[in-house]
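1. Build me a model from this:
(chains A and B, ligands or ions: 1)
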Amino acid sequence: MIIPHPLLGPRDAQEFVYLGDACLIDRPDGMAEDSADAFHDYVYMRDNPAGEHRELWYHEQGDRSWLVVTRDTVTHRILRAELASDIARQRGRGR
Amino acid sequence: MRYSIFQVLKEGLTGHRGWRPVWREPTPQAEYDTIIIGGGGHGLATAYTLAKVYGGKRIAVLEKGWIGGGNVGRNTTIVRANYLLDGNQPFYELSLKLWEGLEQDLNYNTMVSQRGILNLYHSDAQRDAYRRRGNAMMLHGSGAELLDREQVREMLPFLNFDNARFPVRGGLLHRRGGTVRHDAVAWGYARAAAALGVDIIQNCAVTGMTIENGRIKGIETTRGPIRAAKVGCAVAGNSSRVMAMAGMRLPVESHVLQAFVTEGLKPVIPNVITFGAGHFYVSQSDKGGLVFGGDIDGYNSYAQRGNLPVIEDVVEGGMALMPMIGRTRLLRGWGGLVDMSMDGSPIIDRTPIKGLYFNGGWCYGGFKATPASGHVFAHLLATDTPHPTAEAYRFDRFRTGRLIDEKGVGAQPNLH
Ligand SMILES: Cc1cc2nc3c(=O)[nH]c(=O)nc-3n(C[C@H](O)[C@H](O)[C@H](O)COP(=O)(O)OP(=O)(O)OC[C@H]3O[C@@H](n4cnc5c(N)ncnc54)[C@H](O)[C@@H]3O)c2cc1C
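-> Numbering: from 1, shown residues only, chains lettered A, B, ... in the order given. Reported below is the predicted structural model:
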């Protein structure tokens, strides 16, 4: 698989380390009333869809950026790759 | 028809005209007492046990493809009980005991071969870890022997003992482990279940579930709706997709695991060997092919095929351990969808929906579990209470923190 890195262009997926569903960007508030439930879901539960999946890949053998890659889990076709820091900022996170 | 040596002789003398199809091809009925979704090893073993041990009636197994087309026919056929943790080892020991009596029980030759499994170690630290594991295995009656380098050399002289980085220092031998012909397991269970009246319905995919007031009423399929008071789901890599039909999310990711077989060779590998310093394990099939595999590809996948980097990694491991296989040609490679759970251990439990039961999260190692999985899942379906041997395999362990994490790597499926 070739991942179209937004800064470095097409890179072999072997340069990356895979973490999982990009929902991991949205870490729940540990101080909230329902934090035990929220963390159970955050740490363990996954949609695990057949089809489009947004997922975190870390460019360990490259520029060490985290990417959000949109990939079809049925065909392995990669549709999009974005910097995870951009996405986190769009969601109102500081960094 | 009961299979026996006399039957084989009789058929041999009469031109093999008497053999009959081993299960019926029924059309689905409008209603069953119990439906099992998924005609893999686990689904078929469950239906068989439910009918045989618990006297279940009106049971159907619904399979979207054909019997044996899933992981039960794609795995590398290894069965073993060499786990460390209390939640796991008694369960796999039960499974090994059931394997030991399976052929007589099913009246089917599944080619159970207890040729032994040798896990090689390459460092002092790894030897200590294996000694500890071996002690756990012995405590549960599964048997284990720690071999030193010379004992391993006697058994497997062809290994690369003096690999500069990962010399072979010894191994943990599990004599009762071995291989079982995987598709014969599917066929044997299907035949035995059908003989007890179970409807095995192929080419019938479940597409939806009918749930009223928190209770399962039936399911939708590509061959029409079917009513049932109890539904058990055993669909391996498709677990999340099927349980999503009931509105459930699971602690599971689907990944692809590849396996390979070479051209047929003369007998050379007497048992199952695992490399302790890389992802490579191997056995030799009765046809002579070397059957081997390695790690999962490592990203979510429903493709049922893998990619080249893992093939390279597995083959490198093979060459590091036994350079003699370098000239062998690979005949085939394939992939299967494995349901990787968040702690690397399975789940066999009730769900919040009454009458709906789940069996999954088998990761890359559920073949060895087939008979015990059928045993305990049938118990759960029949009695609505978990079997004592599978009490640790509950959904709530992710809430209570009682995880069964053999590798100790945490909630990251591609590291298990
Ligand atoms: C390459 C590979 C090597 C492996 N090696 C080993 C090994 O050496 N030892 C070991 O112990 N384990 C091994 N495993 C794991 C083992 O094969 C699985 O854990 C086990 O087979 C899963 O249970 P099953 O047999 O019921 O699954 P399957 O045979 O996959 O059965 C599930 C069935 O459900 C059906 N299904 C899915 N969705 C639907 C639907 N909507 N409606 C109806 N039916 C549906 C599928 O078509 C499938 O037939 C390996 C797996 C792979 C892929």
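2. centroid residue for chain A?
-> In chain A, the residue lying closest to the centroid (C-alpha atoms, centre = their mean) is residue A:56, at 2.3 Å.
3. Quick check: which element contains that residue?
-> For residue A:56, the element it lies in under DSSP states H and E is strand A:52-58.
4. So for residue B:1, what pLDDT did the model give?
-> pLDDT, residue B:1: 86.
5. Likewise for the one 4 residues further on?
-> According to the predicted model, the pLDDT of residue B:5 comes to 94.
6. Any chance of the backbone angles for it?
-> Here is the backbone geometry of residue B:5 (degrees, to the nearest 10): phi -60, psi -30.
7. What's the separation between it and residue B:109?
-> Going from residue B:5 to residue B:109 by C-beta to C-beta, to the nearest Å gives 11 Å. Yep, even glycine has a C-beta here, placed from its N, CA and C like the rest.
8. if we can go back for a sec, what pairs with the residue nearest to the centre of chain A across the strands?
-> Counting by DSSP bridges, residue A:56 is bridged to residue A:20, residue A:68.
9. need the contact list for it.
-> By C-beta atoms under 8 Å, 6 or more residues apart in numbering or on different chains, the residues touching residue A:56 are A:18, A:19, A:20, A:21, A:22, A:24, A:25, A:66, A:67, A:68, A:69, A:84.
10. Name the nearest residue to the fifth one, sequence neighbours excluded.
-> So the one you mean is residue A:22. The shortest distance from residue A:22 to any non-neighbouring residue, by C-beta to C-beta, 6 or more residues apart in numbering or on different chains, is to residue A:54 (4.1 Å).
11. you'd agree the one you found is up against residue A:67?
-> No - here residue A:54 lies out of contact with residue A:67, judged by C-beta atoms under 8 Å, at a distance of 10.4 Å.
12. ok, back up a step: more neighbours, residue B:5 and residue B:109?
-> Per other C-beta atoms under 10 Å in any protein chain shown, whichever of residue B:5 and residue B:109 has more neighbours is residue B:109, with 11 against 7.
13. Can you say which helix or strand has the more buried one in it?
-> According to DSSP H and E, residue B:109 maps onto no helix or strand at all.
14. what's it sitting at in phi/psi?
-> Backbone torsions of residue B:109, given as degrees, to the nearest 10, read phi -80, psi 100.
15. where's it relative to the ligand, distance?
-> 19 Å (C-beta to the nearest ligand atom, to the nearest Å).
16. quick one on the thing from earlier: for residue B:259, state which of the contacts of residue A:56 is nearest.
-> Nearest to residue B:259 among these is residue A:18, at 20.7 Å by C-beta to C-beta.
17. Might you name the residue of chain A sitting closest to chain B?
-> Closest residue of chain A to chain B, C-beta to the nearest C-beta: residue A:48 (3.7 Å).
18. Secondary structure element holding that residue?
-> With DSSP H and E as criterion, residue A:48 is part of no helix or strand.
19. In contact with it, which residues?
-> Residue A:48 sits next to A:21, B:240, B:241, B:250, B:252, B:253, B:254, B:300 when contact means C-beta under 8 Å, 6+ apart.
20. how about a cut-off of 7 Å?
-> B:240, B:250, B:252, B:253, B:254, B:300 (C-beta atoms under 7 Å, 6 or more residues apart in numbering or on different chains).
21. What ranges does the stretch 151-300 of chain B have for its helices?
-> Remark: helices assigned in the stretch 151-300 of chain B by DSSP state H, counting those that start in this stretch are B:182-195, B:239-244.
22. Can you tell me which of the ones you listed is most buried?
-> helix B:182-195 (a mean of 24; mean count of other C-beta atoms under 10 Å in any protein chain shown).
23. So what's the gap between that one and the chain middle?
-> Relative to its parent chain, helix B:182-195 has a centroid offset of 15 Å by C-alpha atoms, centre = their mean, to the nearest Å.
24. hey, C-alpha coordinates of that helix in PDB?
-> Extracted C-alpha coordinates of helix B:182-195, given in PDB (Å, rounded to 0.1, in the frame of the first residue of the first chain):
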ATOM      1  CA  HIS B 182      -9.000 -28.300   9.100                       C
ATOM      2  CA  ASP B 183     -11.600 -28.800   6.400                       C
ATOM      3  CA  ALA B 184     -12.300 -32.400   7.700                       C
ATOM      4  CA  VAL B 185     -13.200 -30.700  11.000                       C
ATOM      5  CA  ALA B 186     -15.800 -28.700   9.300                       C
ATOM      6  CA  TRP B 187     -17.100 -31.600   7.200                       C
ATOM      7  CA  GLY B 188     -17.100 -34.000  10.200                       C
ATOM      8  CA  TYR B 189     -19.000 -31.700  12.400                       C
ATOM      9  CA  ALA B 190     -21.500 -30.800   9.600                       C
ATOM     10  CA  ARG B 191     -22.100 -34.500   8.900                       C
ATOM     11  CA  ALA B 192     -22.500 -35.400  12.600                       C
ATOM     12  CA  ALA B 193     -24.800 -32.400  13.200                       C
ATOM     13  CA  ALA B 194     -27.000 -33.100  10.100                       C
ATOM     14  CA  ALA B 195     -27.300 -36.700  11.300                       C
END
